[in-house]
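Colleague: Pasting the sequence and the predicted model now:
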Amino acid sequence: MRTVSFQGIQLTSGQQRRLALQQQLRGAFINPVLAHQVEQTLKDVESRKEQGIKPERIWFVERQEIGTTSVVEWMGY
């Protein structure tokens, strides 16, 4: 197994600017938006629980069969 070490590697000025911009945008944009979305979703879930509304069914089974479905059964004959 090889060990890779990046000690002594310097970023160019353009790479430093890009890295600084990415860190600034990550801290200023992504986290608050995601935090707001999560907070809003949790509020919606809690309000649905209080009202007695069942959660939305995103995934559901349309049909469950065992074995191979024949074309006749599939067409409804």
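Modeller: Sure thing, it's come through. Numbering: from 1, shown residues only.
Colleague: what's the burial count for Glu73?
Modeller: By other Cβ atoms under 10 Å, 10 other residues sit near Glu73. C-beta coordinates here come from the backbone N, C-alpha and C atoms, glycine included.
Colleague: Then Glu65?
Modeller: Here the number of neighbours of Glu65 (other Cβ under 10 Å) works out to 8.
Colleague: Same check on Arg48?
Modeller: With neighbours defined by other Cβ under 10 Å, the count for Arg48 comes to 13.
Colleague: Please apply the same query to Arg18.
Modeller: Look at Arg18: counted by other Cβ under 10 Å, it has 12 neighbours.
Colleague: Next up, identify which helix or strand it is on.
Modeller: Under the criterion DSSP states H and E, the helix or strand holding Arg18 is helix 13-25.
Colleague: next one: phi and psi at the residue nearest the centre of the chain?
Modeller: Of all residues in the chain, the one closest to the mean position by Cα atoms, centre = their mean is Leu34, 10.4 Å from it. In terms of degrees, to the nearest 10, the main-chain angles of Leu34 are phi -60, psi -40.
Colleague: burial of Lys49, as a residue count?
Modeller: Other residues near Lys49 number 11, with proximity taken as other Cβ under 10 Å.
Colleague: Distance of the residue in the chain sticking out farthest from the centre relative to Glu62?
Modeller: For the chain, the largest distance from the centre (Cα atoms, centre = their mean) belongs to Tyr77, which lies 42.8 Å off. Using Cβ to Cβ, to the nearest Å, we find Tyr77 at a distance of 20 Å from Glu62.
Colleague: Tell me where the protein has helices.
Modeller: Counting by DSSP state H, the segments of the chain that form helices are 13-25, 31-51, 71-75.
Colleague: Include mean pLDDT and distance to Ile58 when you put the ones you listed into a markdown table, please.
Modeller: Rendered in a markdown table, the data for the helices of the chain read as follows (pLDDT from 0 to 100; distance: least, Cβ to Cβ, whole Å):
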| stretch | mean pLDDT | distance to Ile58 |
| --- | --- | --- |
| helix 13-25 | 85 | 31 |
| helix 31-51 | 86 | 13 |
| helix 71-75 | 78 | 26 |
